[in-house]
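Q: Quick one, what's the 3D model for this:
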Amino acid sequence: MDWTGEVLALVALAAVFVIFAAHRTELPAVVPVHFRASGMPDRWGGKGSLLLLPLTAVGIYVLLTVAARYPDLMNLPMKVDREAPEVRGILQSMAIALKIAALTVFAYLERAQVNTALGRSEGLGKAFLPISLISVFAILGLFLRELRKHRE
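A: Just a heads-up that it's a prediction; the model follows:
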């Protein structure tokens, strides 16, 4: 799972950059840079601002990669023996799963920004926010449930 997860995360990260690069020249001067909870754009900026999302995605990738490598840095709502191999494995898998989810969301956001700017769609869609939040919190819930079995 770990190598497969890392590959999926890298594919999602690359997708964020590919989406931007593939449409960079055809984008209008003004593009959506923020969306309401309803999924509709509510702030617009220069097309260079679309590069902020890929750069932020790199930061998320690095942060969660470090967290997977050094699980002692993770903040948990319970006390567990972080040196136990089972706990280390759970924490590493949790960081990788969160990385995949976050970067997939970023790739979707970049795609939605580009498509909205080009007039191909109207925002993120109403389901974006609930699906994104449910995905992240479901991952956290599943892994925290597994960690509870190893509480001190």
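Q: now the strands: where do they sit in this structure?
A: Applying DSSP state E to the chain gives strands spanning 30-35, 41-46.
Q: partners of the first one in the sheet?
A: The reference is to strand 30-35. strand 41-46 (antiparallel) (DSSP bridges).
Q: Just the buried positions in stretch 65-79, please.
A: Ala67, Ala68, Pro71 (16 or more other C-beta atoms under 10 Å). Every residue, glycine included, has its C-beta placed from N, CA and C.
Q: give the contact list for the closest residue to Pro71 other than its chain neighbours.
A: Excluding its sequence neighbours, the residue lying closest to Pro71 (C-beta to C-beta, 6 or more residues apart in numbering) is Leu91, at 3.6 Å. Taking C-beta atoms under 8 Å, 6 or more residues apart in numbering as the contact definition, Leu91 lies against Ala67, Ala68, Pro71, Met74, Arg82, Phe143, Leu147.
Q: what do you get for Ser38?
A: By C-beta under 8 Å, 6+ apart, the residues touching Ser38 are Gly123, Lys126.
Q: Tell me the spacing between it and Phe128.
A: According to C-beta to C-beta, to the nearest Å, Ser38 and Phe128 sit 10 Å apart.
Q: same thing with Pro41?
A: Pro41 sits 12 Å away from Phe128, going by C-beta to C-beta.
Q: Equivalent analysis for Gly89, please.
A: Relative to Phe128, Gly89 is positioned 32 Å away (criterion: C-beta to C-beta).
Q: Quote the end-to-end distance of stretch 109-123.
A: This stretch, stretch 109-123, spans 9 Å end to end (C-alpha to C-alpha, to the nearest Å).
Q: which residues are contacting it?
A: Contact partners of stretch 109-123, identified using C-beta under 8 Å, 6+ apart, comprise 15-16, 19-20, 23, 26-28, 30-33, 35, 38-41, 47, 50, 53-54, 124-125, 128.
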